[in-house]
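Trainee: Sequence first, predicted coordinates after that:
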Amino acid sequence: MMETKSVLLLLLCLNVLLFLVNAAPSTCPADNLGSKCDESDDWKGEFFPGIPKIKYEGPTTKNPLAFKWYNPEEKILGKENEGWFLDWMRFSVAFWHTFRGTGGDPFGAPTKFWPWEDGTNSLAMAKRRMRANFEFIEKLGVDLWCFHDRDIAPEGKTLEESNKNLDEVVALAKELQVSS
């Protein structure tokens, strides 16, 4: 029962975080981010400004961006929470749903718009998304992430170009994964 509550609370916190970030549809130019969101792929600004790392504050907290039930320092069945939690409840951030999907259903329009998106499917945009993914993972305190097919990198005009794009984004993901 406690694990179910923890899972539901984590999902609620994730929904609140996504709602706060997506409250207003915008793109990089509209947000006046200037050079941070141009064709350069080296932008390393904060993607979720003002949102701290999500921490455990207990069941009485009024903070919507805090864990009420998941406490990584709590021991359960003789194991540290992080140990059993990762063994039994392997949470991950799904790149497609979180950073590529639009939040729309088959009958509706998109419901989420990321402020750093520039409307392109360029390699620079793919690298910005990857940096946003790792900031999101770190702030949420999730150690794992996954992606669908090859949605992390844009298709090229040829197979060789597509593979090159994928190699570049994978290299960045490895770099960010090691540093987080």
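Mentor: Structure's in. What do you need?
Trainee: Which parts of this structure are helices?
Mentor: With DSSP state H, the ranges of helices along the chain come out as 2-21, 81-88, 95, 123-140, 159-179.
Trainee: Name the residues that touch stretch 159-177?
Mentor: 123, 126-127, 130-131, 134, 150, 152-156 (CB atoms under 8 Å, 6 or more residues apart in numbering). Heads up, the C-betas are built off the backbone N, CA and C, glycines and all.
Trainee: Recalculate using a threshold of 6 Å.
Mentor: 123, 126-127, 130, 134, 150, 152-156 (CB atoms under 6 Å, 6 or more residues apart in numbering).
Trainee: what about the protein, any weak spots by pLDDT?
Mentor: Low-confidence segments of the chain (pLDDT under 70): 1-2, 5-44, 76, 78-90, 180.
Trainee: go again using 80 as the cut-off
Mentor: 1-45, 70-91, 179-180 (pLDDT under 80).
Trainee: now Phe91, nearest residue through space, not along the chain?
Mentor: Excluding the flanking residues, the one nearest Phe91 by CB to CB, 6 or more residues apart in numbering is Val142, at 5.5 Å.
Trainee: what do you get for Phe95?
Mentor: For Phe95, the spatially nearest residue (CB to CB, 6+ apart) is Phe147, at 4.0 Å.
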